[in-house]
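> Okay, here's the prediction I keep looking at, along with the sequence it came from:
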Amino acid sequence: MNRFNRFVSLNFAAFLTLSAAGAFAASGEAAGAPKGLPKDDAAKHGTLRDVSSQPAVNSGACFFAADKGKSLVQGSCDVRALQVAAKEGQVYAQNQLGLVSALVVAQGTDIRQARSWFEKAARHGFAPAQVNLAVTYMNGWGVSQNYGAALNWLNAAAKQGHPSAYANLGILYMNGWGVRRDYAEAFKDLEIAANAGDAGAQSNLGYLYDGGLGVVQNYSAAARWYQLAAENGNALGQNNLADLYLRGQGIRQSYPQAFYWFQKSAQQGHTGARIKLGFLLMNGLGTAKDSSAAYAWILSASQAGDHRGDDYLIELQRDLDQPHLAQATQQARSLERNAAQRNVLVSLVP
């Protein structure tokens, strides 16, 4: 069996990630593209949010929303002053301290303390903190995992029209966590969030169109939503858009475009994208053949716990001499370290 056919038979089943994971995506086949290779998962885990009623850039904010709320940026702030304000009951300060406790290494990250600050603000009706508190329950950060509690806090934030609440409610309904699985309800919630610009919701909405879940299957619509998510920097959207380009479903088949978007996703640490990127590199599809780079990308996925490309490593080891193998192995370690650092911020965007 040649390398291309082995790639065809590789089963990319669902798995969990901290920043937008999910269930299976529908498989599809198209002439000239690998067959039987389903896309990776749609989003399962929620993400911390900090979209508040405060101005987009607040001089007292340690973290603020940038790029129309698509990213979380650390600002210069007086943590002690923030602590005083939080103890006085200011909900914005309490939510900010939750983010500081979760993210600022210099302050000594403490997710339990973060959850405590989120809860204080959430109980006073502050929607961003309600979403953040729900996410801690969804992921079991600083507290026992509790989807029922997450559902209650997300419903509270959704009543205030918070887009991220709808995005995470969609995740719960997609997976049947704390509720009965209901793709139609997931679609409704995700559509609200996606239209508000939530990249994770855009990716998940594309997934529902892709698989015909809660809506009539429509690869063109899936491609449109994946494209929006990908352009907004969502790693899963980038991976699934690349899959559509690989297959030519809902979009014209293109190995160069598949390579481009797999690379974008792989650079953010998406292990499925790393394996597929490695496959394209080892076969010179959409890019020049590069066995060393292919080995580095696939090995980095394996080192992160995703062993679906391990058979390719054995083949590539036969193609590389020892100096190139050692260099690729070192590169893989570097890729994994960078991904670990990046994923913390990626999973905590507003």
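Noted; the coordinates are in hand.
> just the helices in the stretch 1-150 of the chain please.
3-9, 79-87, 91-103, 111-123, 127-139, 147-158 (DSSP state H, counting those that start in this stretch).
> looking at those helices, which one has the lowest mean pLDDT?
Of all these, mean pLDDT reaches its minimum on helix 3-9 (a mean of 38).
> Check what contacts stretch 256-265 and list those residues.
Stretch 256-265 is contacted from outside by 230, 235-236, 238-239, 241-243, 245-246, 273, 276-277, 280, 285-287, using Cβ atoms under 8 Å, 6 or more residues apart in numbering. Quick note: C-beta positions are derived from backbone N, CA and C, even for glycine.
> Generate a ChimeraX selection restricted to the buried entries among these.
Buried members of the contacts of stretch 256-265, defined by 16 or more other Cβ atoms under 10 Å, are picked up in ChimeraX with:
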select :230,235,236,238,239,241,242,243,245,246,273,276,277,280,285,286,287
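> Can you tell me which of the helices of the stretch 1-150 of the chain is packed in deepest?
Highest mean neighbour count of those: helix 127-139, a mean of 28 (counted as mean count of other Cβ atoms under 10 Å).
> Convert the C-alpha atoms of it to PDB, please.
What follows is helix 127-139, C-alpha atoms only, in PDB (Å, rounded to 0.1, in the frame of the first residue of the first chain):
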ATOM      1  CA  ALA A 127     -22.500  38.400  32.100                       C
ATOM      2  CA  PRO A 128     -18.800  37.900  31.100                       C
ATOM      3  CA  ALA A 129     -18.100  36.500  34.600                       C
ATOM      4  CA  GLN A 130     -21.100  34.200  34.300                       C
ATOM      5  CA  VAL A 131     -19.700  32.800  31.000                       C
ATOM      6  CA  ASN A 132     -16.200  32.500  32.500                       C
ATOM      7  CA  LEU A 133     -17.600  30.700  35.600                       C
ATOM      8  CA  ALA A 134     -19.600  28.300  33.400                       C
ATOM      9  CA  VAL A 135     -16.400  27.500  31.400                       C
ATOM     10  CA  THR A 136     -14.600  26.600  34.600                       C
ATOM     11  CA  TYR A 137     -17.400  24.200  35.400                       C
ATOM     12  CA  MET A 138     -17.400  22.800  31.800                       C
ATOM     13  CA  ASN A 139     -13.700  22.100  32.000                       C
END
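> Which other helices and strands does it contact?
helix 91-103, helix 111-123, helix 147-158, helix 163-175 (3 or more Cβ pairs under 8 Å, 6 or more residues apart in numbering; DSSP states H and E).
> Tell me which of those sits nearest to residue 222.
helix 163-175 (14.8 Å; Cβ to Cβ).
> Which strands and helices lie in contact with the closest one?
Packed next to helix 163-175, using 3+ Cβ pairs under 8 Å, 6+ apart, are helix 127-139, helix 147-158, helix 183-195, helix 199-211.
> rerun at 6 Å
In terms of contacts (3 or more Cβ pairs under 6 Å, 6 or more residues apart in numbering; DSSP states H and E), helix 163-175 is packed against helix 147-158, helix 183-195.
> Now the ones you listed in JSON lines, please, with extra columns for distance to residue 222.
Formatted as JSON lines, the helices and strands packed on helix 163-175 follow (distance: least, Cβ to Cβ, whole Å):
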{"stretch": "helix 147-158", "distance to residue 222": "25"}
{"stretch": "helix 183-195", "distance to residue 222": "12"}
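> With respect to residue 101, which of those lies nearest?
helix 147-158 (18.0 Å).
> what are the C-alpha coordinates of that closest one, in CSV please?
Below are the C-alpha coordinates for helix 147-158, written out as CSV (Å, rounded to 0.1, in the frame of the first residue of the first chain):
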residue,chain,number,x,y,z
TYR,A,147,-22.3,20.6,33.2
GLY,A,148,-25.6,21.4,35.0
ALA,A,149,-24.0,24.3,36.8
ALA,A,150,-22.4,25.5,33.5
LEU,A,151,-25.8,25.4,31.8
ASN,A,152,-27.4,27.5,34.6
TRP,A,153,-24.7,30.2,34.3
LEU,A,154,-24.8,30.2,30.5
ASN,A,155,-28.5,30.6,30.5
ALA,A,156,-28.2,33.6,32.9
ALA,A,157,-25.6,35.2,30.6
ALA,A,158,-27.7,34.4,27.4
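> which residues sit against that helix?
127, 130-131, 133-134, 137-138, 165-166, 168-169, 172, 177-178 (Cβ atoms under 6 Å, 6 or more residues apart in numbering).
> Spatially, which two of those residues are the most separated?
So, the contacts of helix 147-158 by Cβ to Cβ: farthest apart are 127 and 177, at 20.8 Å.
> wait, isn't residue 185 in contact with residue 172?
No: with contact defined as Cβ atoms under 6 Å, residue 185 does not reach residue 172; the gap is 9.3 Å.
> Pick out whichever of those two has more residues nearby.
residue 172 (25 against 17; other Cβ atoms under 10 Å).
> Pull out the buried positions in stretch 200-210.
For stretch 200-210, the neighbour count (16+ other Cβ under 10 Å) marks 200, 201, 202, 203, 204, 205, 206, 207, 208, 209, 210 as buried.
> In CSV: the residues you listed, plus pLDDT.
Output for those, formatted as CSV (pLDDT from 0 to 100):
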residue, pLDDT
200, 91
201, 95
202, 96
203, 96
204, 96
205, 97
206, 97
207, 97
208, 97
209, 98
210, 96
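> Pick the one among those closest to residue 224.
residue 206 (7.5 Å).
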